[in-house]
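Undergrad: sequence and predicted model, in that order:
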Amino acid sequence: MRMTVKIAVAGASGYAGGELLRLLLTHPEIQIGALTAASSAGTPLVQHQPHLAPLADRVLLETTPETLAGHDVVFLALPHGHSGAIAAQLGPDVLVVDLGADHRLSDAADWQRWYGGDHAGQWPYGLPELPGARERLAGTKRIAVPGCFPTGGSIALAPALAAGLVEPEINVVAVTGTSGAGKSLKPNLLGSEVMGSATAYGVGGAHRHTPEFAQNLSAVAGERVKVSFTPVLAPMPRGILTTASAALKTDLDAEGAREVYEKAYATEPFVQLLPEGRWPSSASVVGSNNVQLQVTVDADTRRLIVVAAIDNLTKGTAGGAVQSMNIALGLPETTGLPTVGVAP
Ligand SMILES: NC(=O)C1=CN([C@@H]2O[C@H](COP(=O)(O)OP(=O)(O)OC[C@H]3O[C@@H](n4cnc5c(N)ncnc54)[C@H](OP(=O)(O)O)[C@@H]3O)[C@@H](O)[C@H]2O)C=CC1
Ligand SMILES: CC(=O)N[C@@H](CCC(=O)OP(=O)(O)O)C(=O)O
């Protein structure tokens, strides 16, 4: 049965808001309502999102409870710390999908340490591939969309931790494109700084996604999982290539590890375990909601190695948001979500 779902996007001038609209324009059940921003309010959307041709006549509104009222779903694609207050004014019957970090963490002390300010509370987490997530998302009116790094890293490691294959001490190195940092001007994101160079940042347990990784993976493992996470900024507009590893508990070989992953993701519509010997690349998932995955064992160091590629703006943000919205609304989970990338 067809339904018309009227949606609003707050933060429509940003990267995440733009990707959300690109996906929602092809979603058969969606009618696009209010599009809002902050300093860009009053300017044409096309000035910020020239690729969204069907919305060329739209003008951005201010982000207020009034402009966001009257919609079935409100997406908040705002900087961290700005969703909590506005969400609290949207009423219990509207589905609110928060693409920021405000409602991801369960522990108020973690929120204080990594973000600061008041903890807005935890909402059902929009990573359907994690155990139990679909049950929590079905029918919910509030969704916390994961951070882009924890999306790839959690999908990479969850099967191994759930099966008890590895020790609960994980190492994650993830190479990211620049759009992960949003559109606001920062000197380290200037073309002349980024082009031709890859730069590590947030090294030594300093990145705010560390507690989100640990929260996800500890829940899967049923014990406290420690995560050492190193992001690397690379000269590409979008994409994340994650390499995750952990010490094996048993003498599992590559074939055994592969069997565990094949079984875990056999029915996942967006997780693509590559044929043996082929390795994920971020370019292969640009514009698609897919996660490309490969797993092996380093026999000498007795470590499990998993490599995952996602598009940070699609599966890592807006695609994950639409996938989770579909589940919450009882729509087929894959509606409006591309599984085909753009190449070269
Ligand atoms: N980029 C990514 O890959 C990912 C992003 N996210 C999250 O999505 C959210 C948006 O990120 P992104 O699109 O990259 O960021 P951008 O900086 O590109 O966009 C931010 C948007 O929020 C608006 N905005 C800024 N301040 C306010 C405010 N006080 N009130 C209302 N609107 C405001 C901006 O409007 P204006 O033009 O007027 O300034 C703009 O539309 C963030 O929380 C981010 O962490 C999550 C995962 C991945
Ligand atoms: C390149 C870059 O700067 N990336 C961002 C990732 C942001 C993101 O995608 O997640 P959130 O929703 O938690 O912000 C960073 O490292 O902070």
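TA: Cool, got the structure. Numbers count the residues shown, from 1 in each chain. Ligands and ions are numbered 1, 2, ... in the order given.
Undergrad: tell me, how many residues neighbour the residue lying closest to residue 317 once chain neighbours are set aside?
TA: Spatial nearest neighbour of residue 317, excluding adjacent residues (C-beta to C-beta, 6 or more residues apart in numbering): residue 16 at 4.8 Å. Any C-beta I mention is one placed from the backbone N, CA and C, and that applies to glycine too. Neighbour count for residue 16, taken as other C-beta atoms under 10 Å: 28.
Undergrad: per-residue confidence at residue 16?
TA: On the pLDDT scale, residue 16 is placed at 98.
Undergrad: for ligand 2, what are the nearby residues on the stretch 101-250 of the chain?
TA: Within the stretch 101-250 of the chain, the positions lying close to ligand 2 (C-beta under 6 Å from any ligand atom) are 101, 147, 148, 176, 178, 180, 181, 231, 233.
Undergrad: go ahead and confirm the last one touches residue 202.
TA: No - distance between residue 233 and residue 202: 9.7 Å, which falls outside the contact criterion (C-beta atoms under 8 Å).
Undergrad: more neighbours: these two, which one.
TA: The neighbour comparison of residue 233 against residue 202 (other C-beta under 10 Å) goes to residue 233, with 21 against 16.
Undergrad: so who does the more buried one touch?
TA: 176, 178, 181, 188, 194, 198, 199, 200, 201 (C-beta atoms under 8 Å, 6 or more residues apart in numbering).
Undergrad: what is the neighbour count of the second one?
TA: Going back to what we said before, that points to residue 178. Count around residue 178 with other C-beta under 10 Å applied: 21.
Undergrad: what's near enough to touch it?
TA: 189, 194, 233, 235, 236, 237.
Undergrad: what of the last one?
TA: Residues near residue 201 by C-beta under 8 Å, 6+ apart: 207, 231, 232, 233.
Undergrad: wait, doesn't the third one sit right on residue 177?
TA: Read it as residue 232. No - contact criterion C-beta under 8 Å: residue 232 and residue 177 do not qualify, at 10.7 Å.
Undergrad: mean confidence score for the lengthiest helix in the chain?
TA: Longest helix in the chain, counting residues (DSSP state H): helix 148-162. Averaged across helix 148-162, the pLDDT comes to 98.
Undergrad: helices or strands up against that helix?
TA: strand 166-176, helix 210-221, strand 226-233, strand 240-248, helix 254-265, strand 291-298, strand 303-310 (3 or more C-beta pairs under 8 Å, 6 or more residues apart in numbering; DSSP states H and E).
Undergrad: check whether the second one contacts ligand 1.
TA: Okay, so that is helix 210-221. No - between helix 210-221 and ligand 1, judged by C-beta under 6 Å from any ligand atom, nothing touches; the nearest distance is 10.8 Å.
Undergrad: helices of the protein, start to end?
TA: Under DSSP H, the chain gives helices at 15-24, 45-48, 83-87, 108-114, 133-137, 148-162, 191-194, 210-221, 254-265, 319-329.
Undergrad: out of these, which one sits most buried?
TA: helix 148-162 (a mean of 27; mean count of other C-beta atoms under 10 Å).
Undergrad: could you see whether ligand 1 lies near that helix?
TA: Yes - part of helix 148-162 sits near ligand 1 under the criterion C-beta under 6 Å from any ligand atom, namely residue 148.
Undergrad: now the angle from that helix to helix 254-265?
TA: If you take axes from the mean of the first three to the mean of the last three C-alpha atoms, to 10 degrees, helix 148-162 sits at 110 degrees to helix 254-265.
Undergrad: now do helix 148-162 against strand 291-298, angle only.
TA: 50 degrees.
Undergrad: settle it for me: which of residue 232 and residue 177 has more neighbours?
TA: residue 177 (23 against 16).
Undergrad: which ones are touching the more buried one?
TA: 234, 236, 237, 238, 239, 240, 282, 312.
Undergrad: what about 7 Å?
TA: By C-beta atoms under 7 Å, 6 or more residues apart in numbering, residue 177 lies in contact with 234, 236, 237, 238, 239, 312.
Undergrad: of those, select the buried ones using a ChimeraX command.
TA: Only the buried entries of those go into this ChimeraX selection, using 16 or more other C-beta atoms under 10 Å:
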select :234,236,238,239,312
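Undergrad: quick check, nearest of the contacts of residue 177 to ligand 2?
TA: When the contacts of residue 177 are ranked by distance to ligand 2 (C-beta to the nearest ligand atom), residue 312 comes first, at 5.7 Å.
Undergrad: what's near enough to touch that closest one?
TA: By C-beta under 7 Å, 6+ apart, the contact set of residue 312 is 148, 176, 177, 179, 180, 238, 239, 240.
Undergrad: can we see that at 6 Å?
TA: 148, 180, 238, 240 (C-beta atoms under 6 Å, 6 or more residues apart in numbering).
Undergrad: and what of residue 199?
TA: Counting by C-beta under 6 Å, 6+ apart, residue 199 has contacts residue 233.
Undergrad: who's it bridged to?
TA: Using DSSP bridges, the bridge partners assigned to residue 199 are residue 233.
Undergrad: in the protein, where is pLDDT below threshold?
TA: Scanning the chain for pLDDT under 70 picks out the ranges 1-2.
Undergrad: residue of it closest to ligand 1, please.
TA: Using C-beta to the nearest ligand atom, the single residue of the chain nearest to ligand 1 is residue 14, 2.0 Å away.
Undergrad: tell me the phi and psi of that residue?
TA: Main-chain dihedrals, residue 14, degrees, to the nearest 10: phi -90, psi 180.
Undergrad: quick check: bridge partners of the spatially closest residue to residue 104 that is not a sequence neighbour?
TA: What sits nearest to residue 104 in space, not counting adjacent residues and going by C-beta to C-beta, 6+ apart, is residue 144, at 4.6 Å. Beta-bridge partners recorded for residue 144 (DSSP bridges): residue 98, residue 125.
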